[in-house]
Each structure stands twice: as structure tokens, then as C-alpha cells.
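Asker: Quick one: sequence plus predicted model below, questions after.
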Number of protein chains: 2
Amino acid sequence: MKFTATITIALKPGMLDPEARAIQQALGSIGHPTESLSTARLFRLTIEAKDREEALQQATASCERLLANPVIHTYVVEVA
Amino acid sequence: MKFTATITIALKPGMLDPEARAIQQALGSIGHPTESLSTARLFRLTIEAKDREEALQQATASCERLLANPVIHTYVVEVA
């Protein structure tokens, strides 16, 4: 069976995010002030698995082994 | 009032995504094959606005003027 896993990876709270700060300043300078701004990466994987549980395990393993750095990132894995 | 806008920006379908191909190959080489893999950027903005409608307009304008390139990107703006 085919499953679609969505993985959202963001920096842990408190981690410095210079990219977000730069974007926030740029938006402010063109007249779009924001109180806060954070960024995240989104990965959508199509996985072949026998059931939803196995697809979730595969997606989580892919995330932990390659996509995210557990030291600085938090991640959420959802399987539709 | 404060609103949280979530902006998801992805490449348009059919656009070449070398980063996604590289990640897909790397996952395959460590034993996590995927049928397809796509990436997207996620931005969470906290905006001061008088109502939800105005927050949506501000977030959309920020997206169109700075965050996304309408030629190669599709984007979704949601306001909670």
C-alpha cells in the first residue's frame, strides 16, 4: 500500500535562527512588520508499506537518520 | 489583535527539484526507499491586525513581495 508521510522539521525553541531574523527585518523594511517569524522545512514522502504503522516507522527512521539533526531540530511526522 | 499566519511555499509541479532528488537517493542508499519526495518551506508569522481578513492580506502580501517567487513557486497562506 502507498502512504504519504509529511515531515516538518524546525529548529528547537531558543536556537538562534539568523535566516528568520534576516527575513523578519527585510519584511519590516518593505512595510510588513511581524511580531515574530520562524521557519521550518517540510518533506512529503510517498512510501510503500504494508500498513500505516509501518509507514510511520519508515518515515520516522528516515527523519532521524538523515533529514533532521536531533541535537538542534524538533520534528513532526504525520502519515495520511 | 495577534494572528498566526502559516505560509507553505513549494516548487510548482514539474519544476526540477535537485535537492529533493539528492535526498531521495541518499535515503535509498541507507535503506529507506521512497516512491517520491518533495520539499517545501514553511514560515510562521505573528502579525498584528484588526481582524483575520487583514492578517490574511498582510501575510499574502509578505509572501508575494518577498518570500515566494511567483514564477517558480506555489504558496498557501493560512491564518489561525
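Answerer: Now that the structure is in, tell me what you want to look at.

Asker: What is the longest strand of chain A by residue count?
Answerer: If you go by DSSP state E, chain A has its longest strand at strand A:36-48.

Asker: got the angle for that strand vs strand B:36-48?
Answerer: 160 degrees (axes from the mean of the first three to the mean of the last three Cα atoms, to 10 degrees).

Asker: what secondary structure does the residue of chain A positioned farthest from its centre sit in?
Answerer: No residue in chain A sits farther from the centre than residue A:31, which is 27.9 Å out by Cα atoms, centre = their mean. Here residue A:31 is coil, with the state taken from DSSP: H, G, I helix; E, B strand; the rest coil.

Asker: Per-residue pLDDT of it, please?
Answerer: If you check residue A:31, the pLDDT there is 94.

Asker: Say whether chain B is contacted by stretch A:25-39.
Answerer: Yes: part of stretch A:25-39 sits near chain B under the criterion Cβ under 8 Å from any Cβ of the partner chain, namely A:26, A:27, A:30, A:32, A:33, A:34, A:35, A:36, A:37, A:38, A:39. The C-beta positions use only the backbone N, C-alpha and C, and glycine is treated the same way.

Asker: Quick one: buried ones out of those?
Answerer: Neighbour-count burial (16 or more other Cβ atoms under 10 Å in any protein chain shown) applied to the residues of stretch A:25-39 next to chain B gives A:27, A:32, A:34, A:37, A:38, A:39.

Asker: and the third one, that one's in a helix?
Answerer: No: according to three-state DSSP, residue A:34 belongs to no helix; its state is coil.

Asker: Would you mind confirming that it makes contact with residue A:28?
Answerer: Yes: Residue A:34 is within contact range of residue A:28, at 7.2 Å (criterion: Cβ atoms under 8 Å).

Asker: which residues are contacting stretch A:2-16?
Answerer: Outside stretch A:2-16, the residues within contact range by Cβ atoms under 8 Å, 6 or more residues apart in numbering or on different chains are A:17, A:38-49, A:52, A:55-56, A:58-59, A:62-63, A:67-68, A:72-80, B:35, B:42.
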